[in-house]
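In: the following block contains a protein sequence and its predicted model.
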Amino acid sequence: MISTKGRYALRIMIDLASQNPETFIPLKDIAERQNISKKYLEIIIKDLVEGGLLISLSGKGGGYKLKRKPEEYTVGEIIELTEGSLAPVACLAEKAEECPRASGCITLPLWKEYGELVHNFFYGKKLTDLVENKE
């Protein structure tokens, strides 16, 4: 399940993708437009900056803007940055230890197929797809 953190991260990214790409947008403006607590957005936006998706500028005229063009972001990378692995089971997560039961696991093919569907769905959607749906 995608938590509010992941959903709000998408809303932040959509909001910024809808603005002038050269302008730093104050967090209070995003919070007002999205009707989300500024305090909660501060937590999420910190992850987005540290994860390399956003650029921040402090002081007068400061705020946040996308680091890349909107069409260069996938929904998958935004969700995984804020939520963690999209793998449906622990043994399929990136850097997971090899499961000693994997060779005889009857359900592993099911989880692999499901994981691929989820991955392909979210990584097949660009941020611009969501911006265009908004307009």
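Out: Thanks, I have the structure now.

In: please name the nearest non-neighbouring residue to residue 25.
Out: residue 63 (4.5 Å; C-beta to C-beta, 6 or more residues apart in numbering). (Each C-beta comes from the backbone N, C-alpha and C, glycine too.)

In: ok, the one you found - contacts?
Out: 23-27, 29, 56-57 (C-beta atoms under 8 Å, 6 or more residues apart in numbering).

In: let me know the pLDDT of the spatially most central residue of the chain.
Out: Note on the chain: the residue nearest the mean C-alpha position is residue 78, at 1.6 Å, using C-alpha atoms, centre = their mean. Listed pLDDT for residue 78 reads 98.

In: in whichever strand or helix holds it, what's buried?
Out: Assigned by DSSP states H and E, residue 78 belongs to helix 75-83. With burial defined by 16 or more other C-beta atoms under 10 Å, the residues of helix 75-83 counted as buried are 75-82.

In: what's the closest of those residues to residue 1?
Out: Of all these, residue 79 has the smallest distance to residue 1: 11.4 Å, by C-beta to C-beta.

In: need the contacts of residue 63 in a markdown table (columns: pLDDT and distance to residue 105).
Out: Shown next, in a markdown table, are these (pLDDT from 0 to 100; distance: C-beta to C-beta, whole Å):
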| residue | pLDDT | distance to residue 105 |
| --- | --- | --- |
| 23 | 94 | 51 |
| 24 | 96 | 49 |
| 25 | 96 | 47 |
| 26 | 96 | 50 |
| 27 | 95 | 46 |
| 29 | 96 | 50 |
| 56 | 96 | 44 |
| 57 | 95 | 49 |
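
In: tell me which of those residues fall in helices.
Out: Judged by DSSP state H, those include 27, 29 as members of helices.

In: just the buried ones from the contacts of residue 63, in ChimeraX syntax?
Out: To isolate the buried ones among the contacts of residue 63 in ChimeraX, judged by 16+ other C-beta under 10 Å, type:
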select :24,25,27,56
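
In: check what pLDDT residue 1 gets.
Out: pLDDT at residue 1 comes out at 86.

In: circling back: state the distance from the residue nearest to residue 25 to residue 81.
Out: 20 Å (C-beta to C-beta, to the nearest Å).

In: so how far is the helix holding residue 78 off the chain centroid?
Out: 3 Å (C-alpha atoms, centre = their mean, to the nearest Å).
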